[in-house]
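J.: I'll drop the sequence and a predicted model, then ask my questions.
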Amino acid sequence: MTAPDSAPAPQPTPPVTPAPAPTRTRRARRPRLPEFEPPRITPGRALAHLLGGLITLAALAYFQWTPGEWPVRLLTWVALTIIADEFDGWYGYVALLLGGLGYFSPVTPPEQWAVILPLVGGALAGVLLIKHSGGLFVLPFAAALYAGVIIGMGRFATKLDGSLTLPTNEAFQRTALIAMIIGLTVSAVRRVVSLILRARARRAQREAAASA
């Protein structure tokens, strides 16, 4: 009898090692520039704010102290308060308080000024608070608040008290609204110029970083 052929023993299959994934070379990210760079407080900028704020307050104090009709007093109070706020926040609040300076002057304040002062002052305080809450796009909301108070006074003042005839006067409403428009227009122009200057500064900074 012939011996059966011996079959070769099966060899164990080595484990298949997966090929390493190709490594990606990451590009070095450039440092991202801030979208809104805070304005730099330089000595020249601080001096300009100081002089502008003090000059505006001095002009407002002059118009509130010297003799004058209520349209001039109202126009200067509202417009210069909003303008003074552009130099720094506390200038605006000081200007708001200067509306009562006429009571300490030798000139008798206009009739019903004791009623107009807190009503218009409240609307002005709301304008300042809204201005401080944002940038250029909050100015229409400040204008709407102020105009709503002035127009509302004209409609409901005599219903609340028959002696409150000045808020219903067309000259009073026109003067108060024109003063607000003047002040907020100056504020809008100042903010637009500031945005343009910041955009140019960011563009120059990006070009300098790209060329480095």
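T.: Yes, it's here. All of these numbers come straight from a predicted model, not from anything done at the bench. Numbers count the residues shown, from 1 in each chain.

J.: for this structure, which helix is longest?
T.: helix 170-211 (DSSP state H).

J.: what's near enough to touch residue 54?
T.: The contact partners of residue 54, by C-beta atoms under 8 Å, 6 or more residues apart in numbering, come to none. Every residue, glycine included, has its C-beta placed from N, CA and C.

J.: what about it, which SS state?
T.: Three-state call for residue 54 (DSSP: H, G, I helix; E, B strand; the rest coil): helix.

J.: with adjacent residues omitted, what lies nearest to the residue positioned nearest the centre of the chain?
T.: Central residue of the chain (C-alpha atoms, centre = their mean): residue 135, 3.4 Å from the mean position. Nearest residue to residue 135, sequence neighbours excluded (C-beta to C-beta, 6 or more residues apart in numbering): residue 191, at 6.1 Å.

J.: likewise for residue 164?
T.: Residue 164 sits nearest to residue 157 (C-beta to C-beta, 6+ apart), 4.0 Å away.

J.: likewise for residue 172?
T.: Nearest in space to residue 172, with sequence neighbours left out and distances taken as C-beta to C-beta, 6+ apart, is residue 166 at 5.5 Å.

J.: number of nearby residues for the one you found?
T.: Using other C-beta atoms under 10 Å, residue 166 is surrounded by 20 other residues.

J.: which pLDDT value goes with it?
T.: For residue 166, the pLDDT comes out at 78.

J.: swap in the one 3 residues further on?
T.: According to the model's per-residue confidence, residue 169 sits at a pLDDT of 83.

J.: neighbours of it, how many?
T.: Neighbour number of residue 169 under other C-beta under 10 Å is 15.

J.: ok, it to residue 116 distance?
T.: 10 Å (C-beta to C-beta, to the nearest Å).

J.: host element of the residue nearest to residue 164?
T.: Per DSSP states H and E: residue 157 is located in helix 139-160.

J.: I am finished for the moment; much appreciated.
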